[in-house]
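Visitor: dropping a prediction and its sequence here:
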Amino acid sequence: MANRNNYLAKADPVHKAPALRTLFPSLKELRLDLEFVSDDTRPSSSHVHILHPAASASFRYPCPVGGCTGSFKLDVPIMRLLQGSQSRLTDEATCGGVRPQDRNTGKPCPSRLIYKAEATYGVERNVPARLSRV
């Protein structure tokens, strides 16, 4: 647990995130459904990421609006999901970056990300491995 809390405290773009298997040995797969929604005439954009144990435990996704300086930082909510007792999460995040046409005013990008995360485990998290084989 200490490794996970240290990672959350150090979560920044420069810090190399450890592999998911290092932090969550029983994690088999993490599925992320991302739907980027903009306020203008652009259609929403959907992406699906299937992360396996060797994947980096970093959950930051750039805003898809060209020239926007922002990103969607999902590190904290995804790590909380993986640490907790739930296996599913649905939530929304805002960009907060600035689009090129708004650089003079500093108006934040209004893009949103609606996301769903689902974790699948190979062994029950709360049952010691030796008992789960019975």
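Guide: Sure, I can see it.
Visitor: just checking, which helix or strand of this structure averages the lowest pLDDT?
Guide: Within the chain, no helix or strand scores below helix 129-132, which has a mean of 41 by mean pLDDT, DSSP states H and E.
Visitor: so which residues of the protein form strands?
Guide: 27-37, 45-51, 60-62, 71-73, 88-94, 112-121 (DSSP state E).
Visitor: including distance to Ala17, could those strands go into a markdown table?
Guide: In short, each C-beta sits where N, CA and C put it, glycine included. Shown next, in a markdown table, are these (distance: least, CB to CB, whole Å):
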| stretch | distance to Ala17 |
| --- | --- |
| strand 27-37 | 13 |
| strand 45-51 | 11 |
| strand 60-62 | 9 |
| strand 71-73 | 12 |
| strand 88-94 | 18 |
| strand 112-121 | 16 |
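Visitor: burial measure for Glu35, as a count.
Guide: Per other CB atoms under 10 Å, the neighbour tally for Glu35 reads 15.
Visitor: how near is it to Arg80?
Guide: According to CB to CB, to the nearest Å, Glu35 stands 21 Å off from Arg80.
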